[in-house]
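Asks: Sharing a model prediction with you, sequence too.
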Amino acid sequence: METVGSEANSLCPVPRHVAIIMDGNGRWAKSQGLPRFEGHRRGAEAVRRAVADAKDLGIEALTLYSFSSENWSRPEREIGELMGLLKRFIRSDLKDLHAKNVRLRIIGEGHPTDGEVQAMFDEAQALTRDNTGVRLTVAFNYGSRGEIARAAQALARQVAAGEICAEDITTERFSEALDTAGLPPLDLMIRTSGEQRLSNFLLWQAAYAELVFLPVFWPDFNRSWLEQALGEYRRRERRFGGVDAGES
């Protein structure tokens, strides 16, 4: 396993912005003979490790896929357990994140019915708004196609109101209408559990991101796995549609 500091990994610097699809909590629990909730609880511990490791390794922004807009189709009991775990995580970790200068941001459509969850989101973002350390973005009730549709609707309303012309809608302006406005461009997308798809996560933002799929369930994700993903990233040559200077 190559690490971030290896000589062979000199083609790309450490990515500014890393996103992770945190997949495999349920399968990890099943493999251990444990209830699914235990997989989610261990997954929350992996989140804590990932945030700390991102800071240590010089990653500026970390975006985590915590709950998709499609996840509402899961059993009601599991959703209730997940919401309870989310509330406990915010209550227990918010002060620590703030003390570590982490800036927390929530993207997505929020909780459709639980006002307590939304209030906790608002409090966490307000408390950490002026922090200058790792920019931690949590995607909750998020779906990329929905995000793109909302951005298109917002720009269409501006056109209808005469605030902008249709010709003013550039890729840059569109990016600023997305939930991730203000974040650095996405450099690296990681998915755990061995699955190889984006599952409606940051589809626009991932246009030129490097994709790394790891054969580890999320609860077992640690610094070694993150370094492996960063090592793979650094081995790649990012051309953004161009060619090497030495190529004809």
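Replies: Okay, I see it.

Asks: helices or strands up against the biggest helix by length in the chain?
Replies: The residue-count maximum for a helix in the chain (DSSP state H) belongs to helix 76-99. When contacts are defined as 3 or more CB pairs under 8 Å, 6 or more residues apart in numbering; DSSP states H and E, helix 76-99 sits against helix 36-57, strand 61-68, helix 115-128. C-beta here means a position set from N, CA and C on the backbone, and glycine is covered the same way.

Asks: Most tightly packed of these?
Replies: strand 61-68 (a mean of 22; mean count of other CB atoms under 10 Å).

Asks: what pLDDT, on average, does it get?
Replies: For strand 61-68, the mean pLDDT works out to 96.

Asks: who's in contact with that strand?
Replies: Here strand 61-68 makes contact (CB atoms under 8 Å, 6 or more residues apart in numbering) with 16-22, 47, 50-51, 54, 82, 86, 107-108, 134-143, 180, 183-184, 186, 199-202.

Asks: How far away from the center of its chain is that strand?
Replies: Put simply, strand 61-68 sits 3 Å off its chain's centre (CA atoms, centre = their mean, to the nearest Å).

Asks: Strand partners (parallel or antiparallel) of it?
Replies: Next to strand 61-68 in the sheet, as set by DSSP bridges, lie strand 17-21 (parallel), strand 135-142 (parallel).

Asks: angle of the last one against helix 76-99?
Replies: The one in question is strand 135-142. Taking axes from the mean of the first three to the mean of the last three CA atoms, to 10 degrees, one finds strand 135-142 and helix 76-99 inclined to each other by 160 degrees.

Asks: Contacts only, for Gln32.
Replies: 38-39.

Asks: what about 10 Å?
Replies: 38-39, 42, 217, 219 (CB atoms under 10 Å, 6 or more residues apart in numbering).

Asks: Of the contacts of strand 61-68, keep whichever come out buried.
Replies: Buried subset of these (neighbour count, 16 or more other CB atoms under 10 Å): 16-22, 47, 50-51, 54, 82, 86, 107-108, 134-143, 180, 183, 186, 200-202.
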